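*Asks:* Let's see this in three dimensions:
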Amino acid sequence: MASSEANQEIPSNGTTKKQIVLNGFDMFTVGHLSFGQWRNPTDRAKDKRRDLSYWTDLAKLLEKGGFLSLFLADTYGVYDTYKGSPEPAIRTGSQWPMADPVIPVSAMAAVTKRLGFAVTTSTSYEQPYVVAKRFSTLDHLTKGRFGWNIVTSWKESASRAVGLPYVEHDKRYEIADEYLRVLYKLWEGSWSDTALLEDAESGVYTDYKQVRSIHHHGEKFRVDAPHIVDPSPQRTPVLFQAGTSPAGIKFGATHAEGIFVSGLSPHILAPRVKAIREAAAAAGRDPASIKVFAMITPIIGADADDARRKYEDALRYVLVEGGLAQFSATTGVDVSRFDLDRELTEHDISAIARVHSAVGNLRYQGDDVPRLTPRNLGVVSAIGGMGAMPVGTAAEVADELERWIDVADIDGFNLGYVVTPGSFEDAVNYLVPELRRRGRYPPEIPDHGADGLPSTPTFREQIYGKGQVHLRADHPGFRYKYDTYEDAIAQEELARSAKNNAETIT
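*Replies:* Numbers count the residues shown, from 1 in each chain. Below is the predicted model:
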């Protein structure tokens, strides 16, 4: 699959169709974005924390379906805005309890060959040196199939949980920018490609002269050490990000290789995606190199009746308060103070919205979204997580995916589930064959390539094509490579000096 060129396929009629990329979307909790479905006897969400086979089975299923990756969300703290209490979230299982998504990655990698793994970690709660060690380890053990979803964390309950002060929105992104540059220095600039000798005869395991200590003395972080792990296959894991505020777009356009967006309609997302690609171009990057994924939770049936039955089952088990707990925390507005059938507007939340995509959903008035009352928002949030939730046959859902690709200029989707693994099984068994029939999805890939060797590309190669194991040359992290590290640091110091001078003049 690929970059701007390899991401296209020429069908027999001569027209060019953009390939649709799919990621599985999950979280190490009983209620990710389908609150209450743990009550459905067919749902295995309760097994996540108790049975490692849940994760290994899911990984094998997604690889069978040709998914690019399993994208794992994460969070700290509890949702405590709705009714001014964490009780509704805790009672309904609204992203509670929450375990560590990093733990099952190695086990999943052991039973797959191609599937990537993107794990969410915040730049607000751990030092970059610690994260660098953990992620290099995972990139080694997955043979280069590891990615990082970079978040800055917006929940005040999370700050209280870890005992750190809550940081204002735009400042969090400034800190994250420095955080990434520390990591580039460690991952890209500390070790030479030839530093690891493992020479039994001479007794030299590592060439000391080819390992550079990093000396970063910034506004927020201070590091004086070499990277403690030798270079992993990708060095820097594939970088994802999900912010669509002005500060988030600037950060993502600078650092991200993939960006996750969510909205109830492709018309909501289209201007955001346009802004992301324009910001990437302004940062000197190829706009097409940033892959944008929309969240979607399809309910797919063998036929229309089967799809409708599954939707009715979802409604039967849904716990609306779980959705309202999540929506209230996301927006910062306790919707329990509104009448359940009053239609909310952007003015109800725009002044304090913590997640900017919520404002876009409330501003949009198209016919393809329901009236956004607290009652409807509770259902939408509790089943589809404020993303699209098409219900129908594989052909009908494929039609909708194609519409989103064409309208919003996105590259693919993070597929959520209503019940797990049932929703993922429906995607693999029904949707993937339909997309392949339309020329919108890559063909099945054999276990071995034409040369007879195992087909085990890195995560980044599956995005950009064979051979693109490391960061692209137009990515800012590329400047910190071992051979050009000193030049990159000199440019960084000049930029910092210019910024300080400008602030002094102001």
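*Asks:* So which bits of stretch 315-327 are buried?
*Replies:* Within stretch 315-327, the residues that count as buried by 16 or more other CB atoms under 10 Å are 317-327. The way it works is simple: take the backbone N, C-alpha and C, and place the C-beta from them, glycine included.
*Asks:* Stretch 227-246 too?
*Replies:* Judged by neighbour count (16+ other CB under 10 Å), stretch 227-246 contains these buried residues: 227, 229, 231-245.
*Asks:* again, but for stretch 298-316
*Replies:* 298-301, 306-307, 310-311, 313-314.
*Asks:* Which one of those residues is nearest to residue 31?
*Replies:* Sorting these by distance to residue 31 puts residue 314 at the head of the list, at 12.9 Å, by CB to CB.
*Asks:* gap between residue 429 and residue 458?
*Replies:* From residue 429 over to residue 458 the distance is 28 Å, taken as CB to CB, to the nearest Å.
*Asks:* Could you check which of the two has the larger neighbour count?
*Replies:* residue 458 (26 against 15; other CB atoms under 10 Å).
*Asks:* And the helices in the stretch 201-350 of the chain, which stretches?
*Replies:* If you assign secondary structure with DSSP state H, counting those that start in this stretch, the helices in the stretch 201-350 of the chain sit at 246-255, 266-282, 304-317, 320-331.
*Asks:* Let's have those in JSON lines, adding distance to residue 424 and mean pLDDT.
*Replies:* What follows is these, written out as JSON lines (distance: least, CB to CB, whole Å; pLDDT from 0 to 100):
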{"stretch": "helix 246-255", "distance to residue 424": "27", "mean pLDDT": "95"}
{"stretch": "helix 266-282", "distance to residue 424": "23", "mean pLDDT": "96"}
{"stretch": "helix 304-317", "distance to residue 424": "13", "mean pLDDT": "97"}
{"stretch": "helix 320-331", "distance to residue 424": "21", "mean pLDDT": "90"}
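*Asks:* Out of the buried residues of stretch 315-327, which comes closest to residue 210?
*Replies:* Proximity of these to residue 210 was ranked by CB to CB; the top entry is residue 326 with 48.9 Å.
*Asks:* what sits against that closest one?
*Replies:* 33, 35, 79, 89, 94-95, 381-382, 385 (CB atoms under 8 Å, 6 or more residues apart in numbering).
*Asks:* neighbours around residue 490, how many?
*Replies:* Using other CB under 10 Å, residue 490 is surrounded by 10 other residues.
*Asks:* Any regions of the protein where pLDDT drops low?
*Replies:* Regions of the chain meeting the criterion pLDDT under 70 cover residues 1-15, 346, 348-370, 447-455, 496-497, 499-506.
*Asks:* does the residue lying closest to residue 257 once chain neighbours are set aside have beta-bridge partners, and which?
*Replies:* Taking CB to CB, 6 or more residues apart in numbering as the measure, residue 257 lies nearest to residue 239, with 5.0 Å between them; neighbours along the chain are not counted. Note on residue 239: beta-bridge partners by DSSP bridges are residue 148.
*Asks:* So of the buried residues of stretch 298-316, which two are at opposite extremes in space?
*Replies:* Using CB to CB, those reach their maximum pairwise distance at 298 and 313, which is 14.6 Å.
*Asks:* residue nearest the centroid of this protein?
*Replies:* The centre of the chain sits closest to residue 149, judged by CA atoms, centre = their mean, with a distance of 4.7 Å.
*Asks:* Surely that one and residue 121 touch.
*Replies:* Yes. With contacts counted by CB atoms under 8 Å, residue 149 reaches residue 121, the gap being 7.4 Å.
*Asks:* Would you mind putting the buried residues of stretch 315-327 into a markdown table with distance to residue 374 alongside?
*Replies:* Conversion of the buried residues of stretch 315-327 to a markdown table gives the following (distance: CB to CB, whole Å):
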| residue | distance to residue 374 |
| --- | --- |
| 317 | 20 |
| 318 | 14 |
| 319 | 14 |
| 320 | 9 |
| 321 | 11 |
| 322 | 13 |
| 323 | 10 |
| 324 | 6 |
| 325 | 12 |
| 326 | 13 |
| 327 | 8 |
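*Asks:* Closest one of these to residue 134?
*Replies:* Ranking the buried residues of stretch 315-327 by separation from residue 134, with CB to CB as the measure, puts residue 326 on top at 27.5 Å.
*Asks:* Any figure for the gap between the closest one and residue 386?
*Replies:* Taking CB to CB as the measure, residue 326 falls 8 Å from residue 386.
*Asks:* picking up where we left off before, so can I have JSON lines of the buried residues of stretch 298-316 showing distance to residue 22?
*Replies:* JSON lines is the format used below for the buried residues of stretch 298-316 (distance: CB to CB, whole Å):
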{"residue": "298", "distance to residue 22": "10"}
{"residue": "299", "distance to residue 22": "16"}
{"residue": "300", "distance to residue 22": "13"}
{"residue": "301", "distance to residue 22": "18"}
{"residue": "306", "distance to residue 22": "21"}
{"residue": "307", "distance to residue 22": "19"}
{"residue": "310", "distance to residue 22": "19"}
{"residue": "311", "distance to residue 22": "21"}
{"residue": "313", "distance to residue 22": "23"}
{"residue": "314", "distance to residue 22": "21"}
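*Asks:* Closest one of the residues you listed to residue 194?
*Replies:* residue 298 (48.2 Å).
*Asks:* The closest one contacts residue 396, correct?
*Replies:* No. Contact criterion CB under 8 Å: residue 298 and residue 396 do not qualify, at 9.3 Å.
*Asks:* Next, show the common contact partners of those two.
*Replies:* Shared between the contact lists of residue 298 and residue 396 (criterion: CB under 8 Å, 6+ apart) are residues residue 390.
*Asks:* quick check, nearest of the buried residues of stretch 315-327 to residue 100?
*Replies:* Of all the buried residues of stretch 315-327, the one with the least separation from residue 100 (CB to CB) is residue 326, at 20.1 Å.
*Asks:* about what we covered before: make CSV out of the helices of the stretch 201-350 of the chain and add distance to residue 167.
*Replies:* CSV is the format used below for the helices of the stretch 201-350 of the chain (distance: least, CB to CB, whole Å):
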stretch, distance to residue 167
helix 246-255, 12
helix 266-282, 22
helix 304-317, 37
helix 320-331, 17
